[in-house]
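Trainee: No sequence on hand, only this structure:
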């Protein structure tokens, strides 16, 4: 179904997005979308959990009671 999208269709979609959001907001939307995809990939691979676990263990390692 998505294989039938050609250059004319992509241009129409881009123009609609440009008209709705304006030229100034498109870079922010793309940056936010990229950040969301990056966080999603981290949650799938478990990198985010490992970083939090290492930070919490490392922060407590230097303390003495």
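Mentor: Structure received. Computed from a prediction, not measured in an experiment: that's the story for all the values here.

Trainee: Next, count neighbours for residue 17.
Mentor: Neighbour count for residue 17, taken as other C-beta atoms under 10 Å: 13. Yep, even glycine has a C-beta here, placed from its N, CA and C like the rest.

Trainee: so what's it closest to, chain neighbours aside?
Mentor: With sequence-adjacent residues excluded and distances taken as C-beta to C-beta, 6 or more residues apart in numbering, residue 17 is closest to residue 26, at 7.0 Å.

Trainee: Surely the one you found touches residue 20?
Mentor: No: with contact defined as C-beta atoms under 8 Å, residue 26 does not count as touching residue 20 (10.0 Å).

Trainee: In terms of neighbours, single out the busier of the two.
Mentor: residue 26 (14 against 9).

Trainee: Can you give me the pLDDT of the more buried one?
Mentor: For residue 26, the pLDDT comes out at 88.

Trainee: still on that earlier bit, quick one: the residue nearest to residue 17 from residue 3, how far?
Mentor: Going from residue 26 to residue 3 by C-beta to C-beta, to the nearest Å gives 26 Å.

Trainee: Residue 31 now?
Mentor: On the measure of C-beta to C-beta, residue 31 and residue 3 end up 28 Å apart.

Trainee: Neighbour count for these two, which is higher?
Mentor: Counted by other C-beta under 10 Å, residue 31 and residue 3 do not tie: residue 31 has more neighbours, with 10 against 5.

Trainee: Quick check: phi and psi on that one?
Mentor: The phi/psi pair for residue 31 (degrees, to the nearest 10) reads phi -60, psi -40.
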